[in-house]
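A.B. asks: Fold the following for me, if possible:
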Amino acid sequence: MKIPNWTWTQISNSFTLLLSAVFCIGAAKGNTLELPRNNEQPITIETAEVDVAGQQRYRILTNHYHIIAPCAETGKLAAEKLEHLFRVWQLLAADQLAAPPARRNRHQVVIFRDKQEYERNLFRIEPAIAQTNGFYSAPRKTTYFYLPLQEKVLFHEGTHQIISEHFFPDKVPVFRNNFWAVEGIAIFMEALRIEEESYKVGDILADKLFAARVQFERNFNLPIRRLTAMSAVNVQSSRQIREIYRKSATLVHWLMFAEEGRYRQHLFELLRQAYAGTATSQTLSELTGLSYEELDKKYVEFLQTIPDCFVP
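C.D. replies: Numbers count the residues shown, from 1 in each chain. Okay, here's the model as predicted:
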């Protein structure tokens with residue numbers, strides 16, 4: 001084998017890249033929760049053909065889900081992933097949010113054949129359905145998807161459903177403030193990784209984090225004080241909705257991991273109060289014991305620590 005004649009510059013550059021890779025891996029590990037999969041309840045799946053409005057569909061029943069799907073295999077795949085998501089939430093936040101009800105109906109999920117069928121069936125209950133890739137209806141207590149399934153969409157909408165129904169089964173939440181936390185935690189869960197012996201949560205969310213940093217450097221500066229005062233209507237009608245969602249995801253990530261998880265319990269308590277309807281625009285400041293100016297300063301410092309190796 002011929003050994004290339006590298007210059008000292010090439011060697012130096014390669015060494016720098018190696019150090020950068022090691023640093024990036026270390027940074028990612030510092031921003032990831034690893035939850036063990038030992039002693040977990042086996043997933044049971046029952047499948048049956050059913051007739052839905054004259055069309056053949058499949059009913060998939062699992063420990064916690066009732067899924068209607070156009071294909072049995074697709075339904076079972078969605079069922080397994082959603083059951084894993086449910087288990088993650090049991091491990092992650094059951095103590096912080098609320099005691100789950102002793103008895104509970106299965107979570108309802110409907111999967112459509114394609115986006116056209118999805119839009120045709122849901123337009124009346126959600127006029128903006130064409131702009132979505134999945135949809136959770138709190139009044140109907142049902143999550144809707146279409147083929148081909150996207151894992152991150154399953155985890156995003158599934159998170160909305162679990163928090164709303166499992167932890168607050170008797171309420172249809174009205175978010176008059178702090179809607180950022182509701183969407184931020186769902187985006188945070190999009191990066192869930194299901195591994196053989198563990199679940200990994202918060203795997204740096206590279207694209208969302210880097211996008212938030214870039215937006216900040218380009219003077220998208222929405223103070224946390226203003227963000228916490230925004231209702232669901234305020235956020236969803238904003239022309240800057242994408243930037244708000246990116247900031248929300250990054251802020252959730254920071255609260256989950258900053259200072260060795262110091263603010264994690266405050267985030268969960270804020271979510272509990274947001275869903276219960278008792279949160280105010282001051283709740284996050286009150287829970288953390290920091291003014292919004294102090295929170296802004298810490299958040300900006302966090303953005304500046306994101307390594308450039310997380311460029312999407």
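A.B. asks: What segments of the stretch 151-300 of the chain are strands?
C.D. replies: Assigned strands in the stretch 151-300 of the chain, in chain order: 193-194, 198-201 (criterion: DSSP state E, counting those that start in this stretch).
A.B. asks: Dump the ones you listed into TSV; add mean neighbour count, distance to His107 and mean pLDDT as well.
C.D. replies: C-beta coordinates here come from the backbone N, C-alpha and C atoms, glycine included. Shown next, in TSV, are the strands of the stretch 151-300 of the chain (neighbours: other Cβ atoms under 10 Å; distance: least, Cβ to Cβ, whole Å; pLDDT from 0 to 100):
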stretch	mean neighbour count	distance to His107	mean pLDDT
strand 193-194	14	18	91
strand 198-201	18	19	91
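A.B. asks: Make CSV out of these and add distance to Phe210.
C.D. replies: Listed next are the strands of the stretch 151-300 of the chain as CSV, based on distance: least, Cβ to Cβ, whole Å:
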stretch, distance to Phe210
strand 193-194, 19
strand 198-201, 19
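A.B. asks: do you know which of these lies nearest Asn31?
C.D. replies: Closest to Asn31 of the strands of the stretch 151-300 of the chain is strand 198-201 (Cβ to Cβ; 10.0 Å).
A.B. asks: How far does the closest one sit from its chain's centre?
C.D. replies: 13 Å (Cα atoms, centre = their mean, to the nearest Å).
A.B. asks: now stretch 155-166
C.D. replies: Counting by Cα atoms, centre = their mean, stretch 155-166 is centred 9 Å from the centre of its parent chain.
A.B. asks: what's the distance between Gln131 and Met189?
C.D. replies: 21 Å (Cβ to Cβ, to the nearest Å).
A.B. asks: Tell me where this protein has helices.
C.D. replies: Per DSSP state H, the chain carries helices over the ranges 8-29, 72-97, 115-122, 151-161, 179-189, 206-217, 224-228, 232-236, 241-261, 264-276, 283-288, 292-303.
A.B. asks: export the third one as CSV, just CAs?
C.D. replies: The C-alpha coordinates for helix 115-122 follow below in CSV (Å, rounded to 0.1, in the frame of the first residue of the first chain):
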residue,chain,number,x,y,z
LYS,A,115,-52.2,13.3,2.0
GLN,A,116,-55.1,13.8,-0.3
GLU,A,117,-57.3,11.5,1.8
TYR,A,118,-56.0,13.1,4.9
GLU,A,119,-56.9,16.6,3.8
ARG,A,120,-60.3,15.6,2.4
ASN,A,121,-61.3,14.0,5.7
LEU,A,122,-59.9,16.7,8.0
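A.B. asks: Give the buried residues for that helix.
C.D. replies: Neighbour counts over helix 115-122 (16 or more other Cβ atoms under 10 Å) mark Tyr118, Glu119, Leu122 as buried.
A.B. asks: How about residues contacting it?
C.D. replies: Phe112, Ile129, Ala130, Phe135, Tyr144, Phe145, Tyr146 (Cβ atoms under 8 Å, 6 or more residues apart in numbering).
A.B. asks: Quick one: distance of it to the chain centre.
C.D. replies: Taking mean C-alpha positions (Cα atoms, centre = their mean), helix 115-122 and its chain are 24 Å apart.
A.B. asks: try stretch 60-79
C.D. replies: 21 Å.
A.B. asks: Stretch 139-158 too?
C.D. replies: 12 Å.
A.B. asks: and what of stretch 73-85?
C.D. replies: Worked out by Cα atoms, centre = their mean, stretch 73-85 lies 17 Å from the chain centre.
A.B. asks: Repeat that for stretch 165-182.
C.D. replies: For stretch 165-182, the distance to the chain centre is 15 Å (Cα atoms, centre = their mean).
A.B. asks: Quick one: end-to-end distance for that stretch.
C.D. replies: 14 Å (Cα to Cα, to the nearest Å).
A.B. asks: pLDDT weak spots in the stretch 151-300 of the chain?
C.D. replies: 204-208 (pLDDT under 70).
A.B. asks: What of the stretch 1-150 of the chain?
C.D. replies: In the predicted model, the stretch 1-150 of the chain carries pLDDT under 70 at residues 1-30, 94, 96-104.
A.B. asks: which residue sits closest to Glu46, ignoring its sequence neighbours?
C.D. replies: Once flanking residues are discounted, Glu46 sits nearest to Leu61: 4.4 Å by Cβ to Cβ, 6 or more residues apart in numbering.
A.B. asks: Pipe the helices of the chain into CSV and attach distance to Asn105 per row.
C.D. replies: Putting these into CSV (distance: least, Cβ to Cβ, whole Å) gives the following:
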stretch, distance to Asn105
helix 8-29, 38
helix 72-97, 14
helix 115-122, 21
helix 151-161, 12
helix 179-189, 22
helix 206-217, 33
helix 224-228, 33
helix 232-236, 25
helix 241-261, 28
helix 264-276, 18
helix 283-288, 30
helix 292-303, 39
